[in-house]
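Novice: next come a sequence and a model predicted from it.
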Amino acid sequence: MTETGGPFESLAGLLAGGGVVVLSGAGLSTESGIPDYRGPTGRARRAEPMTYQRFVGSAEARRRYWARSHVGWRHIGGAVPNAGHRAVAELERRGLLDGIVTQNVDGLHQAAGARGVIELHGGLDRVVCLSCRERTPRRELERRLRAANPGWDAGGHVNPDGDAALTDDQVEGFRVVDCAACGGLLKPDVVFFGENVPRPRVEECFALVDGARAVLVLGSSLAIRSGLRFVSRAAALGLPIAIVNQGPTGGDADAVLTLDAPLGETLTALTARLAAVRPVIGLGAGAGQAE
């Protein structure tokens, strides 16, 4: 059961003041059946994520990636928003959010109705050609891959980045297709490990934080710099930072409050509570901390 006093009330008050930027991570999508990286579902992953260097440097690595991703896309592409995504969209609809920065590549914020979403790491629903830079819908690539691999089928454990753990025998014989426009290498329009987030996108996120009244972290362990840098920026600006996550995060020391609780249940209760809450004034560092 979600706590309805202490940090929960402080969080509701903080949100009621508006001007909040949300930073979301993989933990927000676990209730949609997509595993996270470092929580309980993530620890069960069986394959290491693809790096950009391996992808561009090896035809075999690309074949393995696209075979795994072809399987994984059936799962990711069929996922639906959960209560947490819908609650965030509702907070935006009420005018309480200035923007949403998501580290997720599943598109579930937008599917839930959110509009002001920056996909920090891109989106799996798009494919980009590394030669001509043309972007095309993932559904078109999936159609071409099915045509190129008639009768090929495999199952596997799906990972947060949308691929699946397959054996060498399952990958053998899978045929990769190239850009229909120029014949160049196709890559999902996401930031791989070893690849940098485009600088203009990073600056857009920093600008959101710079103009915010508060930052709310949802379902991110903040274990890597990609997301943690925005929390560090907020802390340097003296902005209140609230974190809702299952397990500790790399930003807990800078947070004015933390909640270790299920995301969907907590955010649903939060939206229901907000109508009766006034903004909390003068919420200082360390107020409302929860284990």
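Specialist: Structure's in. What do you need? Numbering: from 1, shown residues only.
Novice: now do Val101 against His70, distance only.
Specialist: Here Val101 is placed at a distance of 29 Å from His70 (C-beta to C-beta, to the nearest Å). Where you see a C-beta, it was placed from the backbone N, CA and C, and this is true even at glycine.
Novice: equivalent analysis for Gly219, please.
Specialist: Gly219 is 27 Å from His70, by C-beta to C-beta.
Novice: looking at those two, which is more packed in?
Specialist: Counted by other C-beta atoms under 10 Å, Gly219 and His70 do not tie: Gly219 has more neighbours, with 28 against 22.
Novice: contacting residues for the more buried one?
Specialist: 24-30, 36, 84, 244-246, 263 (C-beta atoms under 8 Å, 6 or more residues apart in numbering).
Novice: per-residue confidence at it?
Specialist: Confidence at Gly219, expressed as pLDDT, is 98.
Novice: now it. Nearest residue, chain neighbours left out?
Specialist: Gly27 (2.8 Å; C-beta to C-beta, 6 or more residues apart in numbering).
Novice: pull out the buried positions in stretch 220-230.
Specialist: 220-222, 226-230 (16 or more other C-beta atoms under 10 Å).
Novice: for these, which one is nearest Gly57?
Specialist: Ser226 (22.4 Å; C-beta to C-beta).
Novice: per-residue confidence for that closest one?
Specialist: 93.
Novice: can you tell me how far it is from Asp98?
Specialist: 20 Å.
Novice: contacting residues around the closest residue to Arg213 other than its chain neighbours?
Specialist: Using C-beta to C-beta, 6+ apart and skipping residues adjacent in sequence, the residue nearest Arg213 is Gly19, 3.1 Å away. Applying C-beta under 8 Å, 6+ apart, one finds that Gly19 lies in contact with 96, 98, 212-214.
Novice: ok, back up a step: TSV for the contacts of Gly219, including pLDDT, secondary structure and neighbour count?
Specialist: Shown next, in TSV, are these (pLDDT from 0 to 100; DSSP: H, G, I helix; E, B strand; the rest coil; neighbours: other C-beta atoms under 10 Å):
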residue	pLDDT	secondary structure	neighbour count
Ser24	98	strand	28
Gly25	97	coil	29
Ala26	95	helix	24
Gly27	96	helix	29
Leu28	97	helix	31
Ser29	96	coil	28
Thr30	95	helix	22
Asp36	70	coil	25
Gly84	98	helix	29
Val244	98	strand	28
Asn245	97	coil	25
Gln246	96	coil	18
Leu263	97	helix	26
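Novice: buried residues in the longest helix seen in the chain?
Specialist: Longest helix of the chain, by residue count under DSSP state H: helix 59-76. Within helix 59-76, the residues scored as buried using 16+ other C-beta under 10 Å are 62-73, 75-76.
Novice: identify, from the residues you listed, the entry nearest to Arg138.
Specialist: Nearest to Arg138 among the buried residues of helix 59-76, with distances taken as C-beta to C-beta, is Trp73, at 6.7 Å.
Novice: for the stretch 51-200 of the chain, which spans come out with low pLDDT?
Specialist: 154-165 (pLDDT under 70).
Novice: how about the strands in it?
Specialist: Assigned by DSSP state E, counting those that start in this stretch, the stretch 51-200 of the chain shows strands spanning 97-102, 117-119, 122-129, 135-137, 157-158, 164-165, 186-190.
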